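Colleague: using only what follows, build the 3D model:
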Amino acid sequence: MNPLLKNLVFIDIETVSLTHDFHSLPPRLQEAWAKKSFQLDTEKKDFAAHYFEKAAIYAEFGKVLVIGIGFFHENEQKELCLRVKALSNPDEKTLLVEFCQLMEKGFPPTDVALCAHNGKEFDFPYLCRRMLVNGISLPNYLNISGKKPWEIRHHDTLEMWKFGDRKNYTSLDLLATIFNIPSSKNGIDGSMVNHAYYNDKKLDSIVEYCKRDVQVLAQLFLKMHNIPLPKEENMYTL
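Modeller: Coordinates of the predicted model:
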């Protein structure tokens, strides 16, 4: 197997607002959101509606609901295989502890690398912030404090695609399109997760969407390094 893929874990998280509605927040967080909402949009008058629309993307007002995980390995025929699974739990602390335990069991803590799309701006810091809020010590692969840039084993397919260009955001779905990778957007996308969870009670659909995103992410990483994709039958989910 290509050494670049050894102990490389692909990550995608799905997040929702801390509560179903703004008025269920503790009073201090309501006040904090009102200030945040005004900063984001001075014309926004309805803090409650804005909360349901946007709170999930901020670690101070949202929580992790699903964590998708993928990694490559070789089968007995030395063929490249991709395995994907997702963890989910409405209790965020339980979910984060389970994620840490799975990573500790499956990968060497000092030799694991992470990859996500826009991970350096979103997934990695979001996980760190929510772990601290829940009283969980940061694992080595997420704790970047005091580390030199070359000591941080975080890959970001968005950053890779920018090639130093900081002006534009390119979605995972667009990159999947131009690299001819099947889309993960089958009936749901990230903007619909809060509604799907709180209003439609479709946690299973969110989990499946997250796993598809991880599968797309892993294939994109291969494309960006000119590594042949696994056979379709060698890509499977748990």
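Colleague: could you pull out the helices for this protein?
Modeller: In the chain, the helices defined using DSSP state H lie at 27-40, 47-54, 92-106, 123-133, 157-162, 172-178, 193-198, 203-224.
Colleague: average pLDDT across the longest strand seen in the chain?
Modeller: Counting residues, the longest strand in the chain under DSSP state E turns out to be strand 62-74. Looking at strand 62-74 alone, the average pLDDT works out to 97.
Colleague: and that strand, what's buried?
Modeller: 62, 63, 64, 65, 66, 67, 68, 69, 70, 71, 72 (16 or more other CB atoms under 10 Å). (Each C-beta comes from the backbone N, C-alpha and C, glycine too.)
Colleague: pLDDT below threshold where in the chain?
Modeller: By pLDDT under 70, the low-scoring segments of the chain are 41-45, 184.
Colleague: that older thread, make TSV from the helices of the chain and add mean neighbour count and distance to residue 15 to it.
Modeller: Below are the helices of the chain laid out as TSV (neighbours: other CB atoms under 10 Å; distance: least, CB to CB, whole Å):
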stretch	mean neighbour count	distance to residue 15
helix 27-40	14	15
helix 47-54	18	11
helix 92-106	16	10
helix 123-133	19	7
helix 157-162	18	17
helix 172-178	17	16
helix 193-198	20	7
helix 203-224	22	10
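Colleague: looking at those, which is nearest to residue 81?
Modeller: helix 203-224 (10.8 Å; CB to CB).
Colleague: now do the closest one against strand 62-74, angle only.
Modeller: Counting by axes from the mean of the first three to the mean of the last three CA atoms, to 10 degrees, helix 203-224 lies at 50 degrees to strand 62-74.
Colleague: show me what helix 203-224 is packed against.
Modeller: In this structure, helix 203-224 packs against strand 8-17, strand 62-74, strand 80-88, strand 113-116, helix 157-162, helix 172-178, helix 193-198, strand 235-237, with contacts taken as 3 or more CB pairs under 8 Å, 6 or more residues apart in numbering; DSSP states H and E.
Colleague: which strands border the third one, and is each parallel or antiparallel?
Modeller: Partners of strand 80-88 in the sheet, by DSSP bridges, are strand 62-74 (antiparallel), strand 235-237 (parallel).
Colleague: returning to that earlier point: just the CA atoms of the longest strand of the chain, as CSV, please.
Modeller: What follows is strand 62-74 as a C-alpha-only set of coordinates in CSV (Å, rounded to 0.1, in the frame of the first residue of the first chain):
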residue,chain,number,x,y,z
GLY,A,62,-23.8,23.6,18.2
LYS,A,63,-22.8,20.0,18.9
VAL,A,64,-21.4,17.0,17.1
LEU,A,65,-24.1,14.4,16.1
VAL,A,66,-22.3,12.1,13.7
ILE,A,67,-18.7,11.3,13.0
GLY,A,68,-17.8,9.5,9.8
ILE,A,69,-14.5,7.6,9.7
GLY,A,70,-12.8,6.0,6.8
PHE,A,71,-9.4,4.3,6.1
PHE,A,72,-7.6,2.3,3.5
HIS,A,73,-6.2,-1.2,3.9
GLU,A,74,-5.1,-4.1,1.7
